[in-house]
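Chemist: take a look and give me a structure for this.
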Amino acid sequence: MAHFAELDINNIVIKVHTACNIDIQNNGGELSEQAAKHFEKTASLSSNGVKYVQTSYNNNFRKKYAAVDDYYDPTKDKFIIKQPYLSWTLDNNDDWQAPISRPVTYLDNILDPDNNPCPDLYIWNEESKTWQKSPV
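Modeler: Prediction:
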């Protein structure tokens, strides 16, 4: 299955749609403008949608799989997560970073059954611009 992110006039993702791989192959192929235009004919844009951009479910291209509220940067040709806090800035990899690093805990090296890091013991407090111990 192929996937297309529907963008608004500000390049914000408003929906993600599934497309048929054969349709993509027969209409310009992966990442082609022709395939995006063809998809627009088969899946009409929403009232505030202006175009479709292909996204990768496996994160094989355009940095990440598009999600609602992500920003598509046409210059970098990638999807970027919505800024979590006003004080955070993008690093060289286009990942959001807090003004100060999160405290390291012993859980940082422990993974859950899905191979993801365990939940953080700290949460960001935008008002004080500090990491605070999680109440959980």
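
Chemist: which residues are contacting the longest helix anywhere in the chain?
Modeler: In the chain, with assignment by DSSP state H, the single longest helix is helix 33-42. The list of residues contacting helix 33-42 from outside it, by CB atoms under 8 Å, 6 or more residues apart in numbering, reads 2, 4, 17, 19, 23-24, 27-29, 51-54. To be clear about C-beta, it is placed using only N, CA and C from the backbone, and glycine gets the same treatment.

Chemist: between those residues, which is closest to Asn10?
Modeler: For these, the minimum distance to Asn10 (CB to CB) is 11.9 Å, reached by Lys51.

Chemist: what's around the nearest residue to the closest one once chain neighbours are set aside, how many residues?
Modeler: With CB to CB, 6 or more residues apart in numbering as the criterion, Lys51 has its nearest non-adjacent residue at 5.5 Å, and that residue is Leu7. Residues lying near Leu7 (other CB atoms under 10 Å) number 24.

Chemist: please report phi then psi for Leu7.
Modeler: Dihedral pair for Leu7: phi -110, psi 150, per degrees, to the nearest 10.

Chemist: next one, pLDDT for it please.
Modeler: In this model, Leu7 is scored at 98, pLDDT.

Chemist: what's the spacing between it and Val68?
Modeler: From Leu7 across to Val68, the span is 11 Å (CB to CB, to the nearest Å).

Chemist: for Thr18, same thing?
Modeler: Separation of Thr18 from Val68 (CB to CB): 15 Å.

Chemist: all strands for the protein, in order.
Modeler: Shown for the chain, the strands assigned by DSSP state E span residues 2-7, 13-19, 51-55, 71-73, 78-80, 89-90, 96-97, 122-125, 130-133.

Chemist: residues in contact with the fifth one?
Modeler: Among residues not part of strand 78-80, those counted as contacts by CB under 8 Å, 6+ apart are 5, 13, 55, 62-67, 70-73, 90, 94.
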